[in-house]
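Enquirer: Sequence and predicted structure below; questions after.
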Amino acid sequence: MDVNDSHKHHNSSLIRLLRLNHIALLLVIVVIGLGALTRLLDAGLGCPDWPGCYGFLTPPEQAHHIEQAEQLFPETPVVRHQAWMEMIHRYAAGFLGIIVFAITWLTLKHKAIRSNTKTVACVLSAVVIVQAIFGMWTVTWKLWPPIVTLHLLGGFTTLGLLIWLRMALYAETRLTDQDTQSSSSGHLISLKRMSLATLIVLILQISLGAWTSSNYAGLACPDFPTCQGQWFDHVSVEKALSIPTYDDLSFLHGRMDAQTRVSIQVVHRVGALITVVMMALMILQIWKNPLPQRKGISLLLGSLLITQVSLGILSAVWLLPLSIALAHNLVAAILLGSHLLSMFHIFNSAQTDEQTVSETKQLINGQEQQDGDFIPNNS
């Protein structure tokens, strides 16, 4: 097999791996949406055991099975639509796990893929395993808010790693835009720092959103921009971030008092304001930099940011309708994924330019050495 055939075989196998990654990306969005829907429909304990449902592989349907299930779990009567919602979420998450493990195995098996890309694939599988454990604890710890929050963040982490792996695999095909060589790494240093800072702020804001959801504080403020007609009166950050004591009772519908839920909601709104400012500044900086896809990235991030803010406001003033609340969760995931895509382009552009500078220096040094070889020896 000559070099061209080997290169084509390398690219074709990577393209097949990319297609599998795309399936996983679509599925992880579905799983995140199903998780949000499970919370919104109060179906988090639709099946009080794990991994089964009332001791069955599927929710009990027949009368004698339901009777048997309610004898096993007398404190949790069978609600069919909630049980099915929970199990569909589990089935989808399990299928996603299988695909992720397949992606990792194929990535490790591919000899030409760089070690950094293989490390991302291994971390991805590890996160999926941890996510499954958190899924079990969500049920067995009866929706204790810290576990629910970490479980939601695990889903977003899975999405982020899949996107980063997708971009890394795409770079392996050497089909990326070569125009990145025209970028100046000096211009990108501040943008790299801004993108990292914005990522941290975005993750913290998503965490606050998860904390708001897991404590059922979404309806604490039915107005906007004020909260129950007030601004920051009686808001306690300490209460908002306090972790409830775990016991054997269920945390379904939340156990925080009304004032604490108001504090959680207000802190989430303040976090949203900070996130909007940070992302707006980053979008403006992307627009001003000579990135090859700066307009597309800026428009994508800007559109998603405006959509997410609008959904957040509508969730409050329309009293958390199911469709708006679900969309608010999904757009948050897509916004995070889009931000990671933009970061990959930013860092890849800087790295490509630095590599070009390094290769140029090596070429100059080599040429100088070569010229020195032609200096006549007068001895």
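Expert: Cool, the structure landed.

Enquirer: residues contacting the closest residue to residue 84 other than its chain neighbours?
Expert: Spatial nearest neighbour of residue 84, excluding adjacent residues (Cβ to Cβ, 6 or more residues apart in numbering): residue 59 at 5.3 Å. For every residue, glycine as well, the C-beta is placed using N, CA and C. Residue 59 sits next to 46, 47, 53, 78, 80, 83, 84, 87 when contact means Cβ atoms under 8 Å, 6 or more residues apart in numbering.

Enquirer: next one: residue 280
Expert: residue 305.

Enquirer: Quick one, which of the contacts of residue 59 are buried?
Expert: Among the contacts of residue 59, those classed as buried by 16 or more other Cβ atoms under 10 Å are 46, 47, 53, 78, 83, 84, 87.

Enquirer: Which of those residues sits closest to residue 262?
Expert: residue 46 (28.5 Å; Cβ to Cβ).

Enquirer: Do I have it right that that closest one meets residue 84?
Expert: Yes - between residue 46 and residue 84 there is a contact under Cβ atoms under 8 Å: 7.5 Å.

Enquirer: Switch the buried ones among the contacts of residue 59 over to TSV; also include pLDDT, secondary structure and distance to residue 32.
Expert: Shown next, in TSV, are the buried ones among the contacts of residue 59 (pLDDT from 0 to 100; DSSP: H, G, I helix; E, B strand; the rest coil; distance: Cβ to Cβ, whole Å):
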residue	pLDDT	secondary structure	distance to residue 32
46	96	coil	18
47	96	coil	19
53	96	strand	21
78	96	coil	26
83	97	helix	21
84	97	helix	19
87	97	helix	17
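
Enquirer: Got the phi and psi for residue 234?
Expert: Residue 234 adopts backbone torsions of phi 60, psi 20, taken as degrees, to the nearest 10.

Enquirer: give the contact list for the spatially closest residue to it that is not a sequence neighbour.
Expert: The shortest distance from residue 234 to any non-neighbouring residue, by Cβ to Cβ, 6+ apart, is to residue 259 (6.2 Å). Listed by Cβ under 8 Å, 6+ apart, the contact set of residue 259 reads 234, 236, 239.

Enquirer: export those residues to TSV and tack on pLDDT and distance to residue 343?
Expert: TSV is the format used below for these (pLDDT from 0 to 100; distance: Cβ to Cβ, whole Å):
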residue	pLDDT	distance to residue 343
234	82	39
236	94	35
239	94	34
